[in-house]
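[1] need the 3D shape of this:
(chains A, B, C and D)
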Number of protein chains: 4
Amino acid sequence: MPKDARLAMDQDALNAFLDTVFPQVKDDFWVERVAPYEITLRLRVGPQHLRPGGPVSGPAMFGLADVTVYLMTLALIGPKALAVTTNSSLDFLRKPKAGTDLLAEGRLLKLGKSLSVGDVLIYSEGKADPVARGAMTYAIPPAGSAADAYSG
Amino acid sequence: MPKDARLAMDQDALNAFLDTVFPQVKDDFWVERVAPYEITLRLRVGPQHLRPGGPVSGPAMFGLADVTVYLMTLALIGPKALAVTTNSSLDFLRKPKAGTDLLAEGRLLKLGKSLSVGDVLIYSEGKADPVARGAMTYAIPPAGSAADAYSG
Amino acid sequence: MPKDARLAMDQDALNAFLDTVFPQVKDDFWVERVAPYEITLRLRVGPQHLRPGGPVSGPAMFGLADVTVYLMTLALIGPKALAVTTNSSLDFLRKPKAGTDLLAEGRLLKLGKSLSVGDVLIYSEGKADPVARGAMTYAIPPAGSAADAYSG
Amino acid sequence: MPKDARLAMDQDALNAFLDTVFPQVKDDFWVERVAPYEITLRLRVGPQHLRPGGPVSGPAMFGLADVTVYLMTLALIGPKALAVTTNSSLDFLRKPKAGTDLLAEGRLLKLGKSLSVGDVLIYSEGKADPVARGAMTYAIPPAGSAADAYSG
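    A predicted model of the protein is given here:
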């Protein structure tokens, strides 16, 4: 990836964007760190993320991976609320530690004109082995377009 | 798949199982139809499933695909709350119709001793083209075991 | 999918296209049947497709799923040798029957301006249960463009 | 991952294993480096790996990712020719450089009793950006068993 890439949105800008655009989950996510093509995103685990018995649910981990790749992309291209996920793959590797936040470590592997692709490892905070891995593809709407990326 | 397979849980048993084991989402899902290796599952779309602007969120569609394959598996092997998702892939194809329930059409492709695999097409009710496709793998704990399937 | 879709390439045109564009594998694949958004493709299994001990190799099954979705797409849009695979997922379900051709049953789930998505079930000829399932996404180069779809 | 893990097979043992068990592709692959939970595998690109026009084919990249995760697993558990791939996902990111070997960098993310999971980035030798990413799951047959892992 270009070593001289500049961030269009820094940590503060990304956290403010989450508050504004996703108010219903603004307390769930927190950008811990961002650099070009890299991010660390926290999921503040609450009761709404849990399955019976305590582990974080699959949909909550999907959402964490999804937002991770989305924010890595926006960090470079600026705020585009219209970008949509087109593909995801996830492997669930270990049971997350009960009552513990999740940290997602993302790498942006490609930022093209119409697609961005990133992968993610998810950890229970303080543990060395990942609980899940994922990869996500986002469709980026054409510049200046209000077009629906689903039409791609 | 064996043509003479028998259901261990029918429509009523699956809907009752959802109520008991997943009380926090019991109003979200409804088994419309079940047969050996096939199921139709409804997601009653509510505000908690929506992204800003109205479309059903990715995590909600992940959850629908996930529960679809889980229930197809339980329909044949009986209630095992410990079965866990080990892998998923999803393609998001079209924007779901606003204010419309989603219907998932599932096919169970394999039911082995330790793994079950199914795929799913998700439709906005009343529309002919799918909004998403997915595939899910579940790990099934050994018979009589309280073992954690994550250790597989 | 549109019920009135017309084929831009029929069975003969697709088989001739394979001969011309993929001469190195032209004897491997044969289009058995094609309709709008559907195809059946045969892999004539030979020694080059086998793993030690006899089963068809993973790469051979990947190739079969890949060509299946490619040809379903070309059947509707006409010959475009530049279309490239951008994503794939595969589950390997059962051991293929030794010494037996494979048949891939493909469904085209989306044909957009820039992406096509299809899924595939692969069977050993004469067997009822699939040996693999897959999904593939293709990037379609813009009309009239010689552009490299990898730049998308 | 356990920091004190020991290799059951080192670089020489893995390269010798490839020669013995996969004689038909023994000249294609070469283990460059191996450590617990990590490997670098070379694909010596030849005419048999190319699509018309020169790029390495999808099946060849699938095969490279597949063998990468397989060898990372065997490096820890020893030679088990029966282990089989159960799931794969791949994203194709950029066109590989013509006439250039591919290097796969693998990470083993989980080694359980019955499943191993790893991910892979594939590079054209000498280039900084990956041409593909993949993840693979292997089913490991029970110790001492001649059982077919496909029955899992």
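[2] just checking, A:K80 touches A:P142?
    No - using CB atoms under 8 Å, A:K80 makes no contact with A:P142, being 10.5 Å away. The way it works is simple: take the backbone N, C-alpha and C, and place the C-beta from them, glycine included.
[3] ok, those two, which is more surrounded?
    A:K80 (15 against 11; other CB atoms under 10 Å in any protein chain shown).
[4] so that one is in which element?
    Using DSSP states H and E, A:K80 is not contained in any helix or strand.
[5] those residues of chain A touching chain C, which are they?
    Proximity of chain A to chain C, by CB under 8 Å from any CB of the partner chain, involves residues A:86-87, A:89, A:112-115, A:137, A:139, A:151-152.
[6] take these and keep only those in helices.
    Within these, no residue falls in helices by DSSP state H.
[7] restrict those residues to contacts with chain B.
    Subset of those in contact with chain B: A:86-87, A:89, counting by CB under 8 Å from any CB.
[8] export those to JSON lines and tack on pLDDT and neighbour count?
    Shown next, in JSON lines, are these (pLDDT from 0 to 100; neighbours: other CB atoms under 10 Å in any protein chain shown):
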{"residue": "A:T86", "pLDDT": "95", "neighbour count": "25"}
{"residue": "A:N87", "pLDDT": "97", "neighbour count": "26"}
{"residue": "A:S89", "pLDDT": "98", "neighbour count": "28"}
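[9] just put those residues in JSON lines and tack on distance to B:A65.
    As requested, those are exported to JSON lines (distance: CB to CB, whole Å):
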{"residue": "A:T86", "distance to B:A65": "15"}
{"residue": "A:N87", "distance to B:A65": "13"}
{"residue": "A:S89", "distance to B:A65": "13"}
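[10] which ones among these map onto strands?
    A:86-87, A:89 (DSSP state E).
[11] anything in the longest helix belonging to chain A near chain B?
    Longest helix in chain A, counting residues (DSSP H): helix A:58-77. Yes - using CB under 8 Å from any CB, helix A:58-77 reaches chain B at A:58-60, A:62-63, A:66.
[12] that helix and chain D in contact?
    No - between helix A:58-77 and chain D, judged by CB under 8 Å from any CB, nothing touches; the nearest distance is 11.5 Å.
[13] so what's the most centrally placed residue in chain A up against?
    Computing the C-alpha centroid of chain A and ranking residues by CA atoms, centre = their mean puts A:T68 first, at 1.2 Å. Residues in contact with A:T68 (CB atoms under 8 Å, 6 or more residues apart in numbering or on different chains) are A:39, A:41, A:104, A:106, A:118, A:120, A:136.
[14] recalculate using a threshold of 6 Å.
    Going by CB atoms under 6 Å, 6 or more residues apart in numbering or on different chains, A:T68 touches A:41, A:104, A:106, A:120.
[15] cool, and A:A16?
    By CB under 6 Å, 6+ apart, no residues touch A:A16.
[16] ok, it to A:L7 distance?
    14 Å (CB to CB, to the nearest Å).
[17] quick one: contacts for the nearest residue to A:K97 once chain neighbours are set aside?
    Spatial nearest neighbour of A:K97, excluding adjacent residues (CB to CB, 6 or more residues apart in numbering or on different chains): A:S124 at 3.9 Å. Contact analysis of A:S124 by CB under 6 Å, 6+ apart lists A:96-97, A:100, A:131.
[18] and of the residues you listed, the nearest to D:G46?
    Distance to D:G46 across these (CB to CB) is lowest for A:V131, with 40.0 Å.
[19] got the phi/psi numbers for the closest one?
    Note on A:V131: its backbone torsions stand at phi -90, psi -20 [degrees, to the nearest 10].
[20] who's in contact with it?
    A:V131 touches A:93-94, A:96, A:122, A:124, counting by CB under 6 Å, 6+ apart.
[21] what is the nearest of those to D:R33?
    Nearest to D:R33 among the contacts of A:V131, counting by CB to CB, is A:L93 at 23.9 Å.
[22] what is the orientation angle of the strand or helix carrying A:D91 with helix A:58-77?
    Taking DSSP H and E as the definition, one finds A:D91 inside strand A:84-92. Taking axes from the mean of the first three to the mean of the last three CA atoms, to 10 degrees, one finds strand A:84-92 and helix A:58-77 inclined to each other by 130 degrees.
[23] do I have it right that A:R33 meets A:T40?
    Yes - between A:R33 and A:T40 there is a contact under CB atoms under 6 Å: 4.3 Å.
[24] quick one: which of these two has more around it?
    The neighbour count for A:R33 versus A:T40, taken as other CB under 10 Å, is higher for A:T40 (17 against 12).
[25] how near is that one to A:I77?
    Distance from A:T40 to A:I77, counting by CB to CB: 19 Å.
[26] with A:T85 instead?
    Taking CB to CB, one finds A:T85 at 15 Å from A:I77.
[27] more neighbours: which of these two?
    Using other CB under 10 Å as the criterion, A:T85 and A:I77 rank with A:T85 on top: 22 against 14.
[28] just to revisit the earlier point, sheet partners, orientation included, of the strand holding A:D91?
    Here strand A:84-92 is paired, per DSSP bridges, with strand A:132-139 (antiparallel), strand B:84-92 (antiparallel).
[29] mind saving the C-alpha coords of the last one as PDB?
    Output for strand B:84-92, consisting of C-alpha atoms alone and laid out as PDB, is shown next (Å, rounded to 0.1, in the frame of the first residue of the first chain):
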ATOM      1  CA  VAL B  84     -22.100 -23.100  17.200                       C
ATOM      2  CA  THR B  85     -21.500 -21.400  13.900                       C
ATOM      3  CA  THR B  86     -17.900 -22.000  12.700                       C
ATOM      4  CA  ASN B  87     -18.000 -20.400   9.200                       C
ATOM      5  CA  SER B  88     -20.200 -18.000   7.200                       C
ATOM      6  CA  SER B  89     -20.100 -16.400   3.800                       C
ATOM      7  CA  LEU B  90     -22.600 -13.800   2.600                       C
ATOM      8  CA  ASP B  91     -23.200 -11.800  -0.600                       C
ATOM      9  CA  PHE B  92     -25.400  -8.800  -0.400                       C
END
